[in-house]
Structure formats: C-alpha cells, structure tokens
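A.B. asks: Kindly generate the corresponding structure for this input.
(chains A and B)
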Number of protein chains: 2
Amino acid sequence: MERITVTLGERSYPITIAAGLFADPASFWPLKAGDMAMLVTNQTLAPLYLDAMRKRLEGAGVVVDQVILPDGEQFKSLAVMDQVFTALLEKPHGRDTTLIALGGGVIGDLTGFAAASYQRGVRFIQVPTTLLAQVDSSVGGKTAVNHPLGKNMIGAFYQPAAVVVDLDCLKTLPSRELSSGLAEVIKYGIILDGEFFSWLEDNLDALLALDGSAMAYCIRRCCELKAEVVAADEHEHGLRALLNLGHTYGHAIEAHMGYGNWLHGEAVSAGMVMAARNAERLGQFDPADTDRIIALLQRAGLPVNGPESMAAEDYLPHMMRDKKVLAGKLRLVLPLAIGKAEVRSGVPHDMVLASIQDCQKP
Amino acid sequence: MERITVTLGERSYPITIAAGLFADPASFWPLKAGDMAMLVTNQTLAPLYLDAMRKRLEGAGVVVDQVILPDGEQFKSLAVMDQVFTALLEKPHGRDTTLIALGGGVIGDLTGFAAASYQRGVRFIQVPTTLLAQVDSSVGGKTAVNHPLGKNMIGAFYQPAAVVVDLDCLKTLPSRELSSGLAEVIKYGIILDGEFFSWLEDNLDALLALDGSAMAYCIRRCCELKAEVVAADEHEHGLRALLNLGHTYGHAIEAHMGYGNWLHGEAVSAGMVMAARNAERLGQFDPADTDRIIALLQRAGLPVNGPESMAAEDYLPHMMRDKKVLAGKLRLVLPLAIGKAEVRSGVPHDMVLASIQDCQKP
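C.D. replies: Below you'll find the model as predicted:
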C-alpha cells in the first residue's frame, strides 16, 4: 500500500493507493459507525461497484444512501448537481453527512462542488475509478461543473477528507479512458519531472498492460508531484497553473465539440502538442522534444492533432474565457524543456493561431 | 459616516453606513480605474439606481456590465444564478472581475454565491438596498440559493470585499419590506442586547418614520453585533447559530407557503414568537417577555402567528432539514431572557408542535 499526504495544515489529507481497497471498510476513513453518507456515482459504475461498497459500509455501521447520475462530461452541470441536493434533502442528510464520489473526473468534480455547497460545506471522500481521476482530478481540491460557455467555470476550491485509489478499478476501465488518463500522466513528466518522462518512455507498455507495480509507481509519482504543487499553491496564484499545460487549448476543443465527444485527456493531448509548437515558435523549445512528446502520446493511443472540424479561429473565443486570463490577456502554459514549463502572457494571437494550425491534419 | 470593520484576518472588510454614498464612486472601494465589474440587481431596483450607479463607476474608469434578474425570493435559485454566469462568460469577465450585489437579501445571497463559485471565486461588494440586507444578510459572508426542499440549502461561506449601506435607499423601500427588516433588528435585541431591545421600544416610531439619526444608529448597532458574532464564529460552529432565532420555524413557513409569499422577516417574526413560547414551555422564559416581544413586533407591522393555512404538523418535515440538525436531532435557538439566547437540542417534538399551535389564530 502506498500512502501520500497532501499537506494543507488542518485540511491535510491522505491519498491511499493499493489493489483491493474497496474490500475493507477501513479504507473509507474518516467514515465511522453511526455516520451518514451519500454515495454519488454514475450509471456505468453503479452495476460494477455500488451494491458491494454499500453493503460493506453498512456492515461497518454507516447509514448509506445513493444517487446515480448519467455518465458523461455533458452531465457535469448545475442541473445534474441539483439531483444530488434533492437526494440529500429528501432523506434528509444534515451538515454532518459525508459525500462519497465514486467515479471519474466528472463524478469527482461534481460531487466535490456539491459537498462544498450543500449546507455551505459537508465532508467528502474521493474514490476515483479512472486513471485520470486517480492521478489528477481527485487530488488538490479543484471542484467544478461546466457551463455551456466554458469548462469548469463554476466551482470551488474544496479539499476532500481522503482519497482512496483502488488499482483494481482500472481493470474495468475502457481503453480509451485509460489513454485519456495517460495524457495527464505524461503532462506531469513534461512540466515537472524529466526523469519521470523517461521512465514513462521505458514503461508505457507495462502501463497499457495494467502491470500492477508499474501502475502503482506511476500513480504514486503523479500524486506526489501534484501534492507538492497543491501544498505550495492551493489557490493557483502561480505554480499550480503549470498543471494546466494543454488545458487552455483542450478546454476549447471540449467546449466547441460538445462536452463528451472528445474525452478530456484526448483534448489535453492535442493541446499539449499545440503548446509545444507554440514554445518552438517562441524559440524556447527544442523540436526534438516535441517529437518525443508526440511519440509518447501516440504510443498511449492519444490524438496529437486537433479535431478536423475545428478551425484555428474557433479556439480563440473559448481560450479567452480561460480562468488564467488576467486583465483580458491570454496566459499560456508553455514547456521550456522536458521537465520544465512556464506561464507566459503576451503571446501574439497570430502565433497562437499558427501553433494550432501546426496541429491540424493537412 | 459610520464605519465598522468585520475582523477576519486577511479577509477583514469595512461596512460603511451613510446617506448619499451612491453619489461617490470612492464608496465602491476597492474597485478602481481599469477594473471590470458586473452589477447584479433586479427588475424593481434597476430603474431606480442602475443607470446612475453605472455612469458614476464608468466615470471613475471601471468597465461595468450588468445583469438584471427577476425580483423575488422564488428566483433565488440555481437556475437564476446561472444567468449571472452566462452574463459573465458572454463578455467574458475573468478571475479579476468584481461582482456588485445591488439589492436586498435575495440579490446579495445569490450574487455572493455566484462570486464564490465563478471561476472558483472572484471579488464581490455588497450594496444592500433593504433594511433586512443592511442589518443582516449583507454582513458575514453567508451566501446561498434556495432549493425547493429547503431555504439557503446550497451556498458558501464567502466574505465580501466591502459593504456599502446608503441610507437613502430606504426611502424607496415598500413599508412591508421595512417591517420585514425590523424583524431582524428586533432579533438582535432578543438574542444579544437587552438594552438595544429597550432602545427599540423607545425609538420604533422614529425608525418607522425613517428618522435619519435613529436609523443610522440602529443599522450600526445591528452591524456591530453581527460583526462581533461573525468574527468569533465565521462558520457557525457555535455562537453564530444564535443569529438563527426564529429561522428554523420561519424557513419552514417560507418553504411551505412557497418562496415569496411570506417575506423572510415576516416568517422570522412569527418564528421568534414560536421560539419564545417553546422557551416558556421549558420554564426558561418569562411570559411577560414574550408579551414585550409580541408588542414590539406588532408595532413594527409584523405577524406574530403562523399562516392560517399551515398546520403545526406541516412545520416538522421542513424543520428537520434545518442546517442546525445534527445526528438527525433538531436544534433550536431559544431565548433565555431579553438579550440572551441558547441553542438547545433534544426538545421533544410534541412540545415543538404545541409551541407552534400557541401561535395559531383560534
């Protein structure tokens, strides 16, 4: 079992990573006998995990209710979040309840924001079931829902009480979702850890084959990197913005194509190549490193070009709604080397467009 | 000009109280030239104040947009709040924008929650235009929207950057709204300050006549009392719950009757009498003091009985969704004397029902 702590004073919390965690009710600390809990999951995961998890928690003396949401990024909305509030109020659950987010990034982000907002804040536990959620979205307290005009535009910084990563979940994950998670994994290598990037080049096949020890190391390293960044800059005043490599372009793809059509990691994958091309055009990034990035993303089964139906001009209105925009100016995360990145403002829009065009199939 | 500080470390902020504040753009500190702002108000207030305020801020170099919402408690919802996000994203406004809540409790609570949630948190300024908002809801950072199953069930603790109270606003306030605000004023006397209660008995006629110096003192004293409570217990772990006197019953009335039919202060007024009757039944409150409370509320034009169409049994399901409920147990704010109150759990439901029946017209 691997255990990492996200260090945030009184709000510090553990991330536990192992196979078979769901079988032990103790994994769901700080839930204890007599507590009430609301399990939030989706229609795909419910038949796989819900009944067993519920029975184990009830066996440990927790009063458990459940709400099952539709599956997909297009359901990460205020209206769907309201279904969680209705389920909580119908029972009713009080301020001392605990929400359990059993699912991927959509369930985690939506349930986290619901926990931040229900009665102005109740406890919640992240139980990420996708690689993407395990390495990224479940850690660090960024919660949100989407708005038709922009992704993750409505939310809160709100930390979970614990993150429970059961590696067995990945066995039921569709391969396209596994690839989507690997996009965020590769991102950590590019922005923060060149050695980890090289490790990924050496071990990608093992990860794709769900090799247990390779996957455990991979998830632990990503969580470590993320935990360090979050501890240093919880509210994204500086360093934390680096975690957004590829996301300004990627959010534009997701919003323009309609939420759920491109997976988040797929859009981020193409966006990271766009960022690399932009950095090349600024003379600050070696084209050979872009080639390494492209090769690794392609091995992971990820797109390295934007959608064919999306013109470069379609990106900009979405990018101008990015949360990093300050005083009306775009700010981009751009790589400096494999393992190092920066936030840069004042990149001319012509160059941004040209970098997007670099990633359009001819 | 009266100025009070709500002391919360780095998040401390001033409350400024005077006539004519709207005429001076400096009142809207910390807004400054070059900033973007979104004025949020309702259809009733827009024709009275919006154009003039907008012009003055634009004259001071602030880039101002506006969103005008329908007027009424029934519009304090997630769906109406989404209109604010749409207005912000259409422009688009960035993380460095400032929301200005120009209105009563509905606009202030909804706009504050929108500010807490937009891009995970932007600055906001409270500009309360009703007595109720000036003495209570604009101060202390409780923001929320309603759910059909419970009032203020979805929200955040999120402090404004400043509160601007222009006494001239009260000249356009309907008398029923003035009375509703006086319910919260009288509440402060009952729970925290017996001398202030006596002052209200002596000065209620002056307040109803909008006497400038009486009103300025009244608002300042209420804000002082609230600021002290909030500084001591921002997240309502203890003391702050006292501010909820009458609200557990009152929220039940508002939810059962349909939001907007009973004004918040009207429902709280009847609820405070129910709490006093309950305290009497527990042998901890002098019936002569209930008579003083009833007399003052009636002079203020407020109801002292519940709605005729609402049976005592109708209250309980709503009351069990109160945010003070812990481990499934109702907790009530009950007076001990004029100027002193406590939070009490374990009151038998039969007694709660009997106290409600004490406040039903025969």
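A.B. asks: tell me the contacts of A:A101?
C.D. replies: If you count contacts by CB atoms under 8 Å, 6 or more residues apart in numbering or on different chains, A:A101 has them with A:40, A:107-108, A:110-112, A:124-128, A:138, A:160. Backbone N, C-alpha and C define where each C-beta goes, glycine included.
A.B. asks: name the element it belongs to?
C.D. replies: strand A:98-103 (DSSP states H and E).
A.B. asks: one step back: least confident pick among the contacts of A:A101?
C.D. replies: Note: of the contacts of A:A101, the lowest pLDDT belongs to A:S138, at 94.
A.B. asks: Do a quick rundown of the helices in chain A.
C.D. replies: Ranges of helices in chain A, per DSSP state H, are A:51-59, A:78-90, A:105-117, A:131-132, A:175-192, A:194-208, A:212-232, A:247-257, A:264-281, A:287-299, A:312-319, A:349-358.
A.B. asks: which helices and strands does the first one pack with?
C.D. replies: This means helix A:51-59. strand A:36-42, strand A:63-69 (3 or more CB pairs under 8 Å, 6 or more residues apart in numbering or on different chains; DSSP states H and E).
A.B. asks: Export those strands as a markdown table, with columns for mean neighbour count and distance to chain B.
C.D. replies: Putting the helices and strands packed on helix A:51-59 into a markdown table (neighbours: other CB atoms under 10 Å in any protein chain shown; distance: least, CB to the nearest CB, whole Å) gives the following:
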| stretch | mean neighbour count | distance to chain B |
| --- | --- | --- |
| strand A:36-42 | 24 | 8 |
| strand A:63-69 | 18 | 9 |
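A.B. asks: Adding distance to B:L263, write these out as CSV.
C.D. replies: Converted to CSV, these look like this (distance: least, CB to CB, whole Å):
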stretch, distance to B:L263
strand A:36-42, 33
strand A:63-69, 33
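A.B. asks: related to what we said a few turns ago, among the contacts of A:A101, which one sits closest to B:I68?
C.D. replies: If you rank the contacts of A:A101 by distance to B:I68 using CB to CB, A:L110 comes first, at 29.4 Å.
A.B. asks: Hmm, A:Q83 and that closest one touching each other?
C.D. replies: No. The criterion here is CB atoms under 8 Å, and A:L110 misses it with A:Q83 at 9.8 Å.
A.B. asks: before we move on, back to that, and of the contacts of A:A101, the nearest to chain B?
C.D. replies: The closest of the contacts of A:A101 to chain B turns out to be A:G112 (CB to the nearest CB; 11.1 Å).
A.B. asks: ok, now which ones touch that closest one?
C.D. replies: Applying CB under 8 Å, 6+ apart, the residues contacting A:G112 are A:101, A:124, A:126, A:141-143, A:155-156, A:158, A:160.
A.B. asks: how about the helices of chain A in a markdown table, adding distance to B:G9?
C.D. replies: Compiled in a markdown table, the helices of chain A are given as follows (distance: least, CB to CB, whole Å):
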| stretch | distance to B:G9 |
| --- | --- |
| helix A:51-59 | 38 |
| helix A:78-90 | 31 |
| helix A:105-117 | 21 |
| helix A:131-132 | 36 |
| helix A:175-192 | 32 |
| helix A:194-208 | 38 |
| helix A:212-232 | 20 |
| helix A:247-257 | 32 |
| helix A:264-281 | 36 |
| helix A:287-299 | 44 |
| helix A:312-319 | 36 |
| helix A:349-358 | 40 |
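A.B. asks: Figure out which of those helices is closest to B:D166.
C.D. replies: Of all the helices of chain A, helix A:105-117 comes closest under CB to CB, at 30.8 Å.
A.B. asks: mind checking how far that closest one is from the chain centre?
C.D. replies: Offset of helix A:105-117 from its chain centre (CA atoms, centre = their mean, to the nearest Å): 12 Å.
A.B. asks: Stretch A:93-101 now?
C.D. replies: 22 Å.
A.B. asks: Give me the buried positions along it.
C.D. replies: A:93-95, A:97-101 (16 or more other CB atoms under 10 Å in any protein chain shown).
A.B. asks: now do the same end-to-end measure for that stretch.
C.D. replies: Start-to-end span of stretch A:93-101 (CA to CA, to the nearest Å) is 16 Å.
A.B. asks: Of A:L110 and A:Q83, which one has the most company?
C.D. replies: A:L110 (28 against 17; other CB atoms under 10 Å in any protein chain shown).
A.B. asks: got any residues that touch both of A:L110 and A:Q83?
C.D. replies: Contacts common to A:L110 and A:Q83, judged by CB under 8 Å, 6+ apart, are A:L69.
A.B. asks: Lowest-scoring secondary structure element of chain A by mean pLDDT?
C.D. replies: Ranking every helix and strand in chain A by mean pLDDT, DSSP states H and E puts strand A:2-6 at the bottom, with a mean of 92.
A.B. asks: mind saving the C-alpha coords of that strand as PDB?
C.D. replies: The C-alpha trace of strand A:2-6 is given here as PDB (Å, rounded to 0.1, in the frame of the first residue of the first chain):
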ATOM      1  CA  GLU A   2       1.300   3.500  -0.900                       C
ATOM      2  CA  ARG A   3       0.200   6.500   1.200                       C
ATOM      3  CA  ILE A   4       0.900  10.100   0.400                       C
ATOM      4  CA  THR A   5      -0.200  13.200   2.400                       C
ATOM      5  CA  VAL A   6      -1.500  16.400   0.800                       C
END
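A.B. asks: that older thread, what distance separates the strand holding A:A101 from the centre of its chain?
C.D. replies: 15 Å.
A.B. asks: same deal with stretch A:341-360?
C.D. replies: The answer for stretch A:341-360 is 23 Å, by CA atoms, centre = their mean.
A.B. asks: Quick check: the gap between A:V135 and chain B.
C.D. replies: The spacing between A:V135 and chain B, counted by CB to the nearest CB, to the nearest Å, is 21 Å.
A.B. asks: repeat for A:L57
C.D. replies: According to CB to the nearest CB, A:L57 stands 17 Å off from chain B.
A.B. asks: what sits against that residue?
C.D. replies: Counted by CB under 8 Å, 6+ apart, A:L57 has contacts A:25, A:28, A:31, A:37, A:39, A:64.
A.B. asks: Between which two of those residues is the distance greatest?
C.D. replies: Among the contacts of A:L57, A:P25 and A:L39 lie farthest apart (CB to CB), at 13.0 Å.
A.B. asks: And for the spatially closest residue to A:K187 that is not a sequence neighbour, the neighbour number?
C.D. replies: Nearest residue to A:K187 in three dimensions, chain neighbours excluded: A:L245, at 5.4 Å (CB to CB, 6 or more residues apart in numbering or on different chains). For A:L245, the tally of surrounding residues (other CB under 10 Å) stands at 27.
A.B. asks: Would you check how far apart A:L245 and A:I191 are?
C.D. replies: Plainly put, A:L245 is 5 Å away from A:I191 if you go by CB to CB, to the nearest Å.
A.B. asks: and the stretch 201-350 of chain A, which of its residues are near chain B?
C.D. replies: A:235, A:320-321, A:323-328 (CB under 8 Å from any CB of the partner chain).
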